[in-house]
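> One predicted model, sequence on top.
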Amino acid sequence: IRRTIGGHRWHDVTGELPVTISIGVAAAGETSPPSLSATLATADRNLYAAKHAGRDRVVSGTPRERRTRAYRDR
C-alpha cells in the first residue's frame, strides 16, 4: 500500500508536492486478551510511532508504552 501510494502520479492533485503515507499495523494475536479494541489501540499506537519516526513508514510490533495516558488510565 505504501509503495503504491508513493508511486502513484498525484501531480494533477498535488502539483509538485509528494504524497506519503504512515501506517500502523497490528494483529489480533498481539494483544492479551485478544479483542477488537485492543487490536485497534495497538494499530493506533503503531501509527503514531510511524508518524514520529518520519514520513512514509510502516510500523508493526511496537511494544506497549509504559507511560500512563491521562485520558484513558485515570
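Noted; the coordinates are in hand. Residues are numbered from 1 along each chain as shown.

> Show me how far the longest helix along the chain is from its chain's centre.
Identified as the longest helix of the chain according to DSSP state H is helix 36-53. Distance, stretch centre to chain centre, for helix 36-53: 5 Å (C-alpha atoms, centre = their mean, to the nearest Å).

> For the chain, give me the ranges with low pLDDT.
62-74 (pLDDT under 70).

> ok, residue 59 - how many residues close by?
20 (other C-beta atoms under 10 Å). Where C-beta positions appear, they are placed from N, C-alpha and C, glycine not excepted.

> I should have written residue 50 there, sorry.
Neighbours of residue 50 using other C-beta under 10 Å come to 22.

> and what of residue 6?
Neighbours around residue 6, by other C-beta under 10 Å: 14.

> now for the longest helix of the chain, which elements pack on it?
strand 23-25, strand 58-60 (3 or more C-beta pairs under 8 Å, 6 or more residues apart in numbering; DSSP states H and E).

> Note down every partner strand of the first one and its orientation.
When you say that, I think you mean strand 23-25. strand 58-60 (parallel) (DSSP bridges).

> ok so, going back, any chance of the helices and strands packed on helix 36-53 in a markdown table with distance to residue 47 as columns?
Listed next are those as a markdown table, based on distance: least, C-beta to C-beta, whole Å:
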| stretch | distance to residue 47 |
| --- | --- |
| strand 23-25 | 3 |
| strand 58-60 | 7 |
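
> of those, which approaches residue 42 most closely?
strand 23-25 (7.9 Å; C-beta to C-beta).

> list the buried ones in that closest one?
23, 24 (16 or more other C-beta atoms under 10 Å).

> what's in contact with it?
Residues from elsewhere that reach strand 23-25 (C-beta atoms under 8 Å, 6 or more residues apart in numbering): 1-2, 42-50, 57-60.

> try it again with 6 Å
43, 46, 47, 50, 58, 59, 60 (C-beta atoms under 6 Å, 6 or more residues apart in numbering).
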